[in-house]
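[1] only geometry, no sequence info:
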């Protein structure tokens with residue numbers, strides 16, 4: 001089911017692009033990470049509704065067995081290809097303290113509005129749904 005679920009990160013598509021990409025794909029993770037695509041109106045007016053919709057969609061994917069919680073600690077290897085560029089990495093869980101103390105290096109400078117958006121989604125969905 002990975003090909004049905006996989007989706008680009010939430011911040012590389014605007015709502016219109018995400019809506020088009022997820023059209024006819026009920027399992028697309030965009031229904032979680034950019035759930036405003038399932039609601040009428042503009043993102044700014046439906047922010048909290050969109051996050052709640054994403055949380056509901058995430059729970060449904062867990063309940064339906066589309067997504068699973070691992071029984072033991074693990075990591076995942078991923079590979080991204082764009083043209084001739086290939087990037088391989090790991091998806092792992094880590095302690096926030098290691099990030100705050102720079103043991104885990106920050107990969108970019110982020111804007112507070114984007115950080116707040118992700119923090120709110122994590123609070124509602126009760127999961128980290130995208131790359132750190």
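    Cool, got the structure. All figures in this text were calculated on a predicted structure; none of them were measured in a lab. Residues are numbered from 1 along each chain as shown.

[2] all strands for this structure, in order.
    76-82, 85-91 (DSSP state E).

[3] most remote residue from the middle of the protein, which is it?
    The C-alpha centroid of the chain is most remote from residue 84, which lies 25.4 Å away (Cα atoms, centre = their mean).

[4] now render the strands of the chain as a markdown table, adding mean neighbour count, distance to residue 9 and mean pLDDT.
    (Glycine included, C-beta is placed from N, CA and C.) Formatted as a markdown table, the strands of the chain follow (neighbours: other Cβ atoms under 10 Å; distance: least, Cβ to Cβ, whole Å; pLDDT from 0 to 100):
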| stretch | mean neighbour count | distance to residue 9 | mean pLDDT |
| --- | --- | --- | --- |
| strand 76-82 | 9 | 11 | 88 |
| strand 85-91 | 9 | 12 | 91 |
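
[5] for those strands, give me a markdown table that also has distance to residue 10.
    Formatted as a markdown table, the strands of the chain follow (distance: least, Cβ to Cβ, whole Å):
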| stretch | distance to residue 10 |
| --- | --- |
| strand 76-82 | 16 |
| strand 85-91 | 16 |
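
[6] out of those strands, nearest to residue 23?
    Taking Cβ to Cβ, strand 76-82 is the member of these nearest to residue 23, at 22.8 Å.

[7] off-centre distance for that closest one?
    Mean C-alpha position of strand 76-82 versus that of the full chain (Cα atoms, centre = their mean, to the nearest Å) differs by 16 Å.

[8] these two touch, right, residue 61 and residue 55?
    No - contact between residue 61 and residue 55 fails when scored by Cβ atoms under 8 Å: they sit 10.9 Å apart.

[9] circling back to that earlier point, pLDDT score assigned to the residue farthest from the centre of the chain?
    For residue 84, the pLDDT comes out at 97.

[10] check residue 122 too.
    As predicted, residue 122 sits at a pLDDT of 83.

[11] tally up the residues packed near it, please.
    Per other Cβ atoms under 10 Å, the neighbour tally for residue 122 reads 14.

[12] same thing with residue 99?
    As a burial measure, residue 99 scores 13 neighbours (other Cβ under 10 Å).

[13] how far away is it from residue 109?
    14 Å (Cβ to Cβ, to the nearest Å).
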